[in-house]
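Novice: coords please:
(2 chains)
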Amino acid sequence: MKNIILIKTIILSLPVLILVNSQIYSQPRDKFTLLTMPYNQRQLTLYRGQLQANAGYKFAVRARDYDKNGDLLVLKDEGTASVFHYYFLQVRYGITNFLELSAETNYLKHGVRSLSTEYYSLTDNISVNTLTTKKGMGDLLILGSARLPIKFKWVDFGIKGGIYIPTSKYEPLKPTHTVTSVTAVNTFTVNYHYNNTNGFGVPVYLFGAAAKFSYSKLSLGTDFSYKTPSKEGENIRWNETLTASKTFNYSNKTYKYLLNNTLEFNASLHFQATGWFNIELNSNYYSSKGGWTEYWGTKYKNPEEFLFSLEPAFEIQISPALRIYELAGFPLLGKNKDAPFYLFMTLSYNIFPFLK
Amino acid sequence: MRKLFLFIIISAICIPAISQVEKMVNPADLKQQTIVTEPVTLRKGYFRAGTALSYFALDKYFTNEAKKEYYTLSSWHADFSYQFVLRYGITDRLEVDVAIPFTKKKTEVHYNTEFPGLNGNMSMSGNYKAHGLADCDLTVKYQILPEKDNGVSLTFWQWLTFPTGEKNYTDVKSFSDFNLPLGNGSFTTGSGLNWRKRRYPYSFDIYASYAIKFQGSKEIYQDETKETKFKDGNYLWCGGSFNIHLNEWIVFANDISYKYNQKGVIKYAVEQEVDPAWIFSYSPAFVFQVRRFRISEVVQVPLKGKNNSADPLYVMKILYTF
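Specialist: Below is the predicted model of the structure:
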């Protein structure tokens, strides 16, 4: 039985081994060739000595949401749709042709309105609006990536690992609630405004792998990444009390939490139309579960989330140093997750700073 | 002496004629010039047509104290506009532009009402839409100083906005069920000057314009049954741009502009003033010149302002030169 398994393993491995072995490593090429390498001929990591700086902007319209049963809710119909702005910065450096180091962070701006409610009684007429904003720098991700020590021709494989260092502010700022439209003692509008930040609050590990297959002008790319928190975290939750003078007193209480483990999987089909233009259709699967949040001393399981999106994209080589990458995202399936339509544009600057 | 004089005269005429070398430019190539390399106005007989798609969602605004705030009421408003653009070069210095915009607007408002004493609640929602022709523009541009070897030009432009869009709320059935207006309801005219310097691979522009808004009349709110006269404030609009070729066919364009709207007035029995407003914006853009096609992606980002929307405007233009 063991022999049969061994023979099967060898037979199944043969095509991969043949492909890998046929990619004999050749002499390094000039930097112009390396900088203008089309996607279908580009390896998974950067070339030795290559420095890449990426700056991106993502604009998303959060007009839909998937509930716990996977049913689509149209947030626009409730007036609670919103937009978010996400800025992304990444620096990558190729230490060797097979090893790369990178650092990345982001900045997020997002405001979510909850359903406005009016309370009428014989004596009171109070309107309540609630806005929850999330704003600030994200944590710093330090990542190392390695790939097979071969010249890429048809197949490539790599692994990556890193850590999100909790460099950003994670505790929510003091709320900035206001009372407006006071027309009588018991007739006014309360505007709740919660100010959240963008950090994880604890170190988070990231592991992943990627593979790429190219045949002529077509390429198939696939990668996955798994994020898991290093430990439980502690944060604060703000409480408020409305005073007779229509101002708020604030207090906060600490609570513990454990972030969800998240898994992200991408599979993309690329077509290299010309040397400078690559089009792509990516499918993205996101899943998140396993965490909890403490409320009043009791731990409650975080909702399990998943989202499946299709992402058509293209890449243009503008000049040897510059590339532009544009992507549009269309969520198709999900559970307990916002389903925004988004546009993501990234400008990539590449140089070999130490190569003449 | 006479012979010598004739020789000098003939030589003076001939030398410039000989020194002129016919410019070997293929007319087809001229139609593929980028926003940096082509003159401000279209050449004689050239016709450029296309569409501009724009998207805008209402999320934040600049207050009267010039502070950026989110809208707090549970509501959502988005504008999607597709505008047909036609440009024609009457002479090498004179161009006429027509813009015909179609707009799709949607506003959704939803809120709950609770009656604690009666142990009851009620849900209210409003869904306001509009789809159709908005206000059209006619613009005439003239190069006062045409672009020459030094790459400098000065262009004057005059435009007129026609109130072709529906100015009133229509199909009003209740306070939560009606169609939104698509037009402003008044004529606008304005003049501007644009100074431009081209030095390949860069171009620089400085511009200023002033617009006069004429008096109009419309139903200001949906519950009004008769039209009220109004006059929006005139506005000043000025700015500058810097464009750079990233390669032969992609230009990275940057524009910074300032717009100041003067005070307006609504002529009810007791006149109601509309506060002045201003906005300072930055608009980065990528402009791709793919043969005769010109594809532009622009994001207009409001940086600072007062009594104005603080949301970005996304524009994609696709134009073709015939």
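Novice: Show me which residues of chain B are close to chain A?
Specialist: For chain B, the residues in contact with chain A (Cβ under 8 Å from any Cβ of the partner chain) are B:57, B:59-60, B:70-76, B:78, B:106, B:108-117, B:125, B:127, B:246-247, B:250, B:286, B:297, B:299, B:311-312, B:314. The C-beta positions use only the backbone N, C-alpha and C, and glycine is treated the same way.
Novice: need the helices for the stretch 151-300 of chain B, in chain order.
Specialist: Under the criterion DSSP state H, counting those that start in this stretch, helices are not mapped anywhere in the stretch 151-300 of chain B.
Novice: thinking again about what came up before, in strands, which of the residues of chain B next to chain A fall?
Specialist: In strands, defined here by DSSP state E, the members of these are B:57, B:60, B:70, B:75-76, B:78, B:106, B:108-115, B:125, B:127, B:250, B:286, B:297, B:299, B:314.
Novice: of these, buried ones?
Specialist: B:57, B:60, B:70, B:75-76, B:78, B:106, B:108-112, B:114, B:250, B:286, B:297, B:299, B:314 (16 or more other Cβ atoms under 10 Å in any protein chain shown).
Novice: Around chain B, pick out the residues from chain A.
Specialist: A:57, A:59, A:61, A:63, A:75-83, A:85, A:111, A:113-122, A:129-131, A:133, A:191, A:193, A:316, A:318-319, A:322, A:324, A:343, A:345.
Novice: buried subset of those residues?
Specialist: A:57, A:59, A:61, A:63, A:75-76, A:78-83, A:85, A:111, A:113-114, A:116-120, A:129-131, A:133, A:191, A:193, A:316, A:318-319, A:322, A:324, A:343, A:345.
Novice: which stretches of the stretch 151-300 of chain A form strands?
Specialist: A:155-165, A:178-184, A:187-196, A:204-215, A:218-229, A:233-242, A:248-258, A:261-274, A:277-289, A:292-295, A:298-301 (DSSP state E, counting those that start in this stretch).
Novice: weakest of those by average pLDDT?
Specialist: Of all the strands of the stretch 151-300 of chain A, mean pLDDT reaches its minimum on strand A:178-184 (a mean of 87).
Novice: What is it packed up against?
Specialist: strand A:187-196 (3 or more Cβ pairs under 8 Å, 6 or more residues apart in numbering or on different chains; DSSP states H and E).
Novice: quick one: the closest residue to residue A:174 other than its chain neighbours from chain B, how far?
Specialist: Nearest residue to residue A:174, sequence neighbours excluded (Cβ to Cβ, 6 or more residues apart in numbering or on different chains): residue A:250, at 5.5 Å. From residue A:250 across to chain B, the span is 19 Å (Cβ to the nearest Cβ, to the nearest Å).
Novice: Surely residue A:250 touches residue A:175?
Specialist: Yes: in this structure residue A:250 lies within contact range of residue A:175 using Cβ atoms under 8 Å: 6.3 Å.
Novice: Check which residues of stretch B:310-322 are buried.
Specialist: B:310, B:311, B:312, B:313, B:314, B:315, B:317, B:319, B:321.
Novice: And stretch A:168-184, by the same measure?
Specialist: A:168, A:170, A:171, A:172, A:175, A:177, A:179.
Novice: Identify, from these, the entry nearest to chain B.
Specialist: Using Cβ to the nearest Cβ, residue A:177 comes nearest to chain B of the buried residues of stretch A:168-184, at 10.7 Å.
Novice: Residue A:34 looks like it's in a helix, true?
Specialist: Yes: counting by DSSP: H, G, I helix; E, B strand; the rest coil, residue A:34 falls inside a helix.
Novice: Tell me which residues touch it, please.
Specialist: Residues in contact with residue A:34, defined by Cβ atoms under 8 Å, 6 or more residues apart in numbering or on different chains, are A:47, A:50, A:352.
Novice: Residue B:40 sits in which helix or strand?
Specialist: Using DSSP states H and E, residue B:40 sits within no helix or strand.
Novice: Any figure for the gap between it and residue A:222?
Specialist: With distances taken as Cβ to Cβ, to the nearest Å, residue B:40 is found 49 Å from residue A:222.
Novice: Ok, residue B:236 next?
Specialist: 55 Å.
Novice: what do you get for residue A:107?
Specialist: For residue A:107, the distance to residue A:222 - Cβ to Cβ - is 29 Å.
Novice: Please look at residue B:213 and residue B:265 and confirm they touch.
Specialist: No: if you go by Cβ under 8 Å, residue B:213 and residue B:265 don't touch, sitting 10.6 Å apart.
Novice: one step back: let me have the strands of the stretch 151-300 of chain A in TSV, extended by distance to residue B:133.
Specialist: Output for the strands of the stretch 151-300 of chain A, formatted as TSV (distance: least, Cβ to Cβ, whole Å):
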stretch	distance to residue B:133
strand A:155-165	51
strand A:178-184	37
strand A:187-196	38
strand A:204-215	50
strand A:218-229	45
strand A:233-242	49
strand A:248-258	48
strand A:261-274	38
strand A:277-289	35
strand A:292-295	52
strand A:298-301	54
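Novice: just to revisit the earlier point, just the contacts of residue A:34: which are in helices?
Specialist: Counting by DSSP state H, none of the members of the contacts of residue A:34 fall within helices.
Novice: Residue B:40 and residue A:222 - which one has more neighbours?
Specialist: residue B:40 (22 against 16; other Cβ atoms under 10 Å in any protein chain shown).
Novice: Who does the closest residue to chain B within the stretch 151-300 of chain A form a beta bridge with?
Specialist: At 5.0 Å from chain B, residue A:191 is the closest residue in the stretch 151-300 of chain A, using Cβ to the nearest Cβ. Beta-bridge partners for residue A:191, by DSSP bridges, are residue A:129, residue A:178.
Novice: Contact partners for it?
Specialist: A:129, A:130, A:131, A:177, A:178, A:179, A:180, B:72.
Novice: The first one reaches residue A:111, doesn't it?
Specialist: No: using Cβ under 8 Å, residue A:129 makes no contact with residue A:111, being 11.8 Å away.
Novice: Before we move on, what's the pLDDT of residue B:21?
Specialist: The model reports residue B:21 with a pLDDT of 43.
Novice: show me where pLDDT drops low in chain B?
Specialist: Within chain B, the segments meeting pLDDT under 70 span B:1-28.
Novice: If we use 80, what do you get?
Specialist: B:1-29, B:31, B:117-119 (pLDDT under 80).
Novice: Touching the helix or strand hosting residue B:139 from outside, list them.
Specialist: For residue B:139, the host element (DSSP H and E) is strand B:136-145. Under the criterion Cβ under 8 Å, 6+ apart, residues B:39-41, B:92-101, B:152-162, B:164 lie in contact with strand B:136-145.
Novice: Can you list the strands that that strand pairs with?
Specialist: Counting by DSSP bridges, strand B:136-145 is paired with strand B:94-115 (antiparallel), strand B:152-162 (antiparallel).
Novice: Just put those strands in JSON lines and tack on distance to residue A:229.
Specialist: As requested, the strands paired with strand B:136-145 are exported to JSON lines (distance: least, Cβ to Cβ, whole Å):
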{"stretch": "strand B:94-115", "distance to residue A:229": "36"}
{"stretch": "strand B:152-162", "distance to residue A:229": "57"}
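Novice: So for residue A:218, which of those strands sits nearest?
Specialist: For residue A:218, the closest of these is strand B:94-115, at 38.1 Å, according to Cβ to Cβ.
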